[in-house]
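[1] I'll drop the sequence and a predicted model, then ask my questions.
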Amino acid sequence: MPTSLRLIAALLVAATIAAIASIAVLHAQDVAHARTQAEQMTGGSVDRGKLALSRYGCGACHVITGIADAQGQAGPSLAGIASRATIAGRLANQPDQMVLWLRHPQQIVPGNAMPDQQLSERNARDIAAYLYTLRKTTY
Ligand code: HEC
């Protein structure tokens with residue numbers, strides 16, 4: 001290969017690597033921002049919420065992004081839940097309403113399949129924090 005072609009090829013490779021790296025950085029910033037925002041909105045902790053989601057077995061009924069074995073089909077998927085307008089088709093999707101739903105689903109929609117699990121306010125805020133990181137991604 002002539003030297004000039006080799007140079008162009010090398011430049012193309014370098015440009016591709018730079019593009020991939022900048023997308024990765026943007027994605028990491030997006031994830032960090034979503035986390036901070038979710039914790040500010042709810043007053044909960046994303047990390048504790050993740051643990052609580054596993055402990056309470058929410059994944060037995062829901063698909064939940066980022067939670068191991070959360071592939072349940074009895075309830076709606078919680079992928080992208082932060083981007084939805086309503087909770088259970090009844091409540092506005094806002095932090096206090098989410099906490100209310102998580103603590104008292106049977107009071108809000110009597111007889112639905114989601115059990116009241118006696119979540120404390122703290123547990124519900126932590127879980128809500130995690131759920132509000134689950135946005136619809138655009139890439
Ligand atoms: C036994 C099954 C079951 C379990 C366990 C369960 N859920 Fe649900 N969940 C449901 C069902 C069914 C609905 C739909 C209720 C409705 O719309 O009337 C629902 C709805 C929801 C919604 C609203 C989703 C939407 O699209 O509006 C959220 C959020 C949610 N559950 C979170 C949780 C969390 C967090 C836990 C664990 C603490 C949990 N669920 C445990 C069955 C379950």
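    Happy to help now that I have it.
[2] contacts, neighbours, all on C-alpha from now
    Fine.
[3] near the ligand, which residues of the protein show up?
    Counting by CA under 6 Å from any ligand atom, the chain comes close to the ligand at 53, 56-58, 60-61, 74-76, 86-89, 102, 109, 112-114.
[4] which among these count as buried?
    Among these, those buried by neighbour count (16 or more other CA atoms under 10 Å) are 53, 58, 60-61, 75, 87-88, 102, 114.
[5] determine which two of those residues are furthest apart.
    Ala60 and Ile87 (18.8 Å; CA to CA).
[6] in this structure, which spans are strands?
    86-87, 91-92 (DSSP state E).
[7] could I get the average pLDDT for the first one?
    For strand 86-87, mean pLDDT is 97.
[8] got any ranges where this protein has weak pLDDT?
    By pLDDT under 70, the weakly predicted segments of the chain are 137-139.
[9] centroid-nearest residue for it?
    For the chain, the residue nearest the mean C-alpha position is Leu134 (2.0 Å; CA atoms, centre = their mean).
[10] what residues does that one make contact with?
    Going by CA atoms under 8 Å, 6 or more residues apart in numbering, Leu134 touches 65, 78-83.
[11] would you mind measuring from it to Gly66?
    9 Å (CA to CA, to the nearest Å).
[12] ditto for Ile87
    20 Å.
[13] now swap in Tyr130 and tell me
    Distance from Tyr130 to Gly66, counting by CA to CA: 10 Å.
[14] kindly report the same for Val25.
    Separation of Val25 from Gly66 (CA to CA): 20 Å.
[15] try Val46
    Using CA to CA, we find Val46 at a distance of 12 Å from Gly66.
[16] of those two, who's got more company?
    Using other CA atoms under 10 Å as the criterion, Val46 and Gly66 rank with Val46 on top: 23 against 11.
[17] first-to-last residue distance for stretch 51-60?
    OK, stretch 51-60 end separation, CA to CA: 15 Å.
[18] now do stretch 98-112
    Using CA to CA, the end-to-end distance of stretch 98-112 comes out at 16 Å.
[19] what do you get for stretch 55-65?
    16 Å.
[20] from the middle of its chain, how far away would it be?
    The chain centre lies 12 Å from the centre of stretch 55-65; the measure is CA atoms, centre = their mean, to the nearest Å.
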